[in-house]
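Colleague: Output the structure for:
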Amino acid sequence: MGHGALGEETLDVPTRVLIVAGAAALVAALAVYALSPVRGLPSGAPTETEMAGAIGSQIMSHLYLGHVPGRSGEVMMVPKPHTYLTNDLDLTALGTGAPPLNSSHPNPWAYTARIPLIFYGPPWVPEGLAVSADADAADVAPTYARLVGMDDFVAAGEPLEDIAPKEDRPKVVFTVVIDGGGWNVLQEHSESWPFLRRLIERGTSYTNATIGSAPSITGAIHATFGTGFYPIDHGIPGNQLRGPKGPTDAWELNANPIYLEKPTVSELWDEASGNEAVVATLAYEGWHLGMIGHGAARPGGDHDVAVLWEEEDNAWHINEEFFELPSYLETTDIELLESYEEKLDGRDGVHDGTWFGETLEELQVNTVRPGTSAFVRFNGDAVVEMMRKEKIGADSVTDFFWVETKMPDYAGHRWNMLAPEIGDVVAEVDHQIARFKKELDRLAGKGNYVLAISADHGQEPLPEHFGGWRVDAQELSRDVEERFGVGVVEKVTTVDFFMDMDRVQEEGIALEDVARYLGTYTIGDNVPDDAPGADRIPAARVDDELFAGAFSTEYLQSLSPEDISSFGESDYPEGDLIIEPGGR
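Modeller: Numbering: from 1, shown residues only. Purely as a prediction, here's the structure:
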């Protein structure tokens, strides 16, 4: 009999009990360990520099310029192309042919970053000129400043050389920003904008224009248009930011310009003219007020005319502490809007009582109606009324008028940019731009104004068409907290993580580790326990990583121009923002 067997047989009863109990405790401990989430940084996680190198210098430059220290989230996410975060992921729709249509668009890639930048206005704007030199949203304000002779205007952007000042100033500088009207949307619905195409032929267009920074978010880019600075300087990183009391709306949900840190070209010109210039905007919400500025909140400023839409009340509104809501729009003509909505039937080619399959009752829901072509026409009426009542172009002092057309973006979020609804909305936007030009001809006179058309970003098509994926934002947040500590996430947006820095310090977490962890995060990781439809995920995609990169605020702000240049070309085709390299 071997020694081991002998020893085992001669053990007394109490010793046996202790060993059995110890073994059971060990098994239980191992089971708890196996079921407990793994903490800390996974082995083999990419470094932030490795992720930056894969993304490439063009996109990393945009990310650097779009990040606002102390206001952006502490970790910025860069989902892979055609991948985006959502709060209502439905795996049961996978492979059914009826995917969710809602989408978000803050990604930095070329399809959201490339925008039209079109100018019309002889004698200041050359006819039939296509310029392939780099240009972006920050170049608009300094171009306007030069047109009106503001030689002391300071901005990060540069005046566009081809839009040249003359002896006389234009009576009006009129800008239309098509929200969500980037080139990928216009190209998808290429037959919907015949007037815009004529403007391109008769004016000057910049074929390589981009928004100039990332993420591609409305609030950030509208402030760039107005100020000539990028978010890193003008202080608005997006629609949300970190305020003194935590994450908040960038305009405090009340058209409050408290966070805008740079003046706009419009308000500086207004002040220089003794507040004789008309500075006005019609837009959808406070996020767009970065086009015109601070209003009366700025010393020396006045109550510029600003008209926004209140979705809940179906009414025009503004914060009258800082801006002016004109008396003629204090009462909203809902009956007029309803009459336009009744005419939606037939615009889709079929008279069946619906607009692309949705009834009038469905389209008049408050959270739906701003996405229709009827609402575009209704907005156009208000713009024209403002132009007339404010006497745009009536004297020699240049007026600045900014129009934001929210409807393509709104419709894209609801129906997706590939849908025919977007084509009809874009067609009506095109019609209204033609109407604005006709009104400028009448009010200011031909040859007396500059008309500019651009967009604040493109849109995200259905990921099923392009190999992308939807990321469950809530599960992602839970996974980060399981990995690094409960309560470390204060808020997660489609762009970034706002971290509870007190908890981060208590847990001894390096933000770099959170960013690197996201670089390992896969489709399989993002599936909640017992999620309905999980069996529909293709096995070949379970290990697909969802993020091209993620970056801590410390890393982004440590980058020098030389660092960014060293990242070179992107591993992703969507990381190349230049379509036509070269000069003119």
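
Colleague: okay, CA-based contacts and neighbour counts for the rest of this
Modeller: Fine.

Colleague: which residues of the stretch 351-500 of the chain fall in helices?
Modeller: Taking DSSP state H, counting those that start in this stretch as the test, the helices found in the stretch 351-500 of the chain are 360-363, 373-389, 407-415, 420-443, 473-484.

Colleague: Is it possible to get JSON lines of those helices that adds mean neighbour count?
Modeller: Below are the helices of the stretch 351-500 of the chain laid out as JSON lines (neighbours: other CA atoms under 10 Å):
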{"stretch": "helix 360-363", "mean neighbour count": "16"}
{"stretch": "helix 373-389", "mean neighbour count": "20"}
{"stretch": "helix 407-415", "mean neighbour count": "25"}
{"stretch": "helix 420-443", "mean neighbour count": "21"}
{"stretch": "helix 473-484", "mean neighbour count": "19"}
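
Colleague: Which one of the ones you listed lies nearest to residue 104?
Modeller: Proximity to residue 104, assessed across those by CA to CA, is greatest for helix 407-415 (6.7 Å).

Colleague: Give the rounded mean pLDDT of that closest one.
Modeller: Helix 407-415 carries an average pLDDT of 97.

Colleague: re earlier: right, and the helices of the stretch 351-500 of the chain - which one's nearest residue 453?
Modeller: Nearest to residue 453, of all these, is helix 420-443, at 8.8 Å by CA to CA.

Colleague: Next, the angle helix 373-389 makes with the closest one.
Modeller: On the basis of axes from the mean of the first three to the mean of the last three CA atoms, to 10 degrees, helix 420-443 is oriented at 10 degrees to helix 373-389.

Colleague: Figure out how far helix 420-443 is from the centre of its chain.
Modeller: In terms of CA atoms, centre = their mean, to the nearest Å, the centre of helix 420-443 is set 23 Å apart from its chain centre.

Colleague: looking just at contacts, which helices and strands does it meet?
Modeller: helix 194-202, helix 373-389, helix 407-415 (3 or more CA pairs under 8 Å, 6 or more residues apart in numbering; DSSP states H and E).

Colleague: Contacts only, for the most centrally placed residue in the chain.
Modeller: For the chain, the residue nearest the mean C-alpha position is residue 217 (1.8 Å; CA atoms, centre = their mean). Contacts for residue 217 (CA atoms under 8 Å, 6 or more residues apart in numbering) come out as 105-106, 238-239, 456-457.

Colleague: now residue 359
Modeller: Neighbours of residue 359 in contact, by CA under 8 Å, 6+ apart: residue 353.

Colleague: Quick one: residues in contact with stretch 368-381.
Modeller: Here stretch 368-381 makes contact (CA under 8 Å, 6+ apart) with 336-337, 340-341, 343-344, 362-363, 405-411, 414, 421, 424-426, 428-429, 432.

Colleague: okay but residue 184 is in contact with residue 455, surely?
Modeller: No - contact between residue 184 and residue 455 fails when scored by CA atoms under 8 Å: they sit 11.2 Å apart.

Colleague: More neighbours: which of the two?
Modeller: residue 455 (27 against 24; other CA atoms under 10 Å).

Colleague: Which positions are bridged to that one in the beta structure?
Modeller: With DSSP bridges applied, residue 455 shows beta-bridge pairing to residue 178.

Colleague: looking at it, it is touching residue 185, isn't it?
Modeller: No - here residue 455 does not reach residue 185: they are 10.4 Å apart, not a contact under CA under 8 Å.

Colleague: Relative to residue 399, which of the helices and strands packed on helix 420-443 is closest?
Modeller: Nearest to residue 399, of the helices and strands packed on helix 420-443 and by CA to CA, is helix 373-389 at 10.3 Å.

Colleague: Against residue 216, how distant is the residue lying closest to residue 218 once chain neighbours are set aside?
Modeller: Among residues not flanking residue 218 along the chain, residue 456 sits closest, at 6.0 Å (CA to CA, 6 or more residues apart in numbering). Per CA to CA, to the nearest Å, residue 456 is found 7 Å from residue 216.

Colleague: swap in residue 559?
Modeller: From residue 559 to residue 216 the distance is 20 Å (CA to CA).

Colleague: and what of residue 538?
Modeller: 30 Å.

Colleague: Between these two, point out the one with more neighbours.
Modeller: Neighbours per residue (other CA under 10 Å) separate residue 538 from residue 216, with residue 216 holding more: 30 against 10.

Colleague: Show me the helices in the stretch 101-250 of the chain, by range?
Modeller: Ranges of helices in the stretch 101-250 of the chain, per DSSP H, counting those that start in this stretch, are 110-113, 140-147, 183-188, 194-202, 218-227, 231-234.

Colleague: Reformat the ones you listed as JSON lines; add distance to residue 515 and mean pLDDT.
Modeller: Below are the helices of the stretch 101-250 of the chain laid out as JSON lines (distance: least, CA to CA, whole Å; pLDDT from 0 to 100):
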{"stretch": "helix 110-113", "distance to residue 515": "23", "mean pLDDT": "98"}
{"stretch": "helix 140-147", "distance to residue 515": "34", "mean pLDDT": "98"}
{"stretch": "helix 183-188", "distance to residue 515": "30", "mean pLDDT": "97"}
{"stretch": "helix 194-202", "distance to residue 515": "42", "mean pLDDT": "98"}
{"stretch": "helix 218-227", "distance to residue 515": "23", "mean pLDDT": "98"}
{"stretch": "helix 231-234", "distance to residue 515": "20", "mean pLDDT": "98"}
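
Colleague: For residue 167, find the nearest of these.
Modeller: Ranking the helices of the stretch 101-250 of the chain by proximity to residue 167 (CA to CA) places helix 140-147 first, at 9.6 Å.

Colleague: what packs against the closest one?
Modeller: If contacts are counted by 3+ CA pairs under 8 Å, 6+ apart, helix 140-147 sits against helix 218-227, helix 265-272.

Colleague: now do 10 Å
Modeller: Helices and strands touching helix 140-147, by 3 or more CA pairs under 10 Å, 6 or more residues apart in numbering; DSSP states H and E, are strand 172-178, helix 218-227, helix 265-272, strand 449-455.

Colleague: pull the CA atoms of the longest one into PDB?
Modeller: Once non-C-alpha atoms are left out, helix 218-227 reads as follows in PDB (Å, rounded to 0.1, in the frame of the first residue of the first chain):
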ATOM      1  CA  THR A 218     -24.600  70.500 -33.600                       C
ATOM      2  CA  GLY A 219     -23.800  72.800 -30.700                       C
ATOM      3  CA  ALA A 220     -20.100  72.700 -31.200                       C
ATOM      4  CA  ILE A 221     -20.100  73.300 -35.000                       C
ATOM      5  CA  HIS A 222     -22.700  76.200 -34.900                       C
ATOM      6  CA  ALA A 223     -20.400  78.000 -32.400                       C
ATOM      7  CA  THR A 224     -17.500  77.400 -34.800                       C
ATOM      8  CA  PHE A 225     -19.400  79.000 -37.700                       C
ATOM      9  CA  GLY A 226     -20.200  82.000 -35.600                       C
ATOM     10  CA  THR A 227     -16.900  82.600 -33.800                       C
END
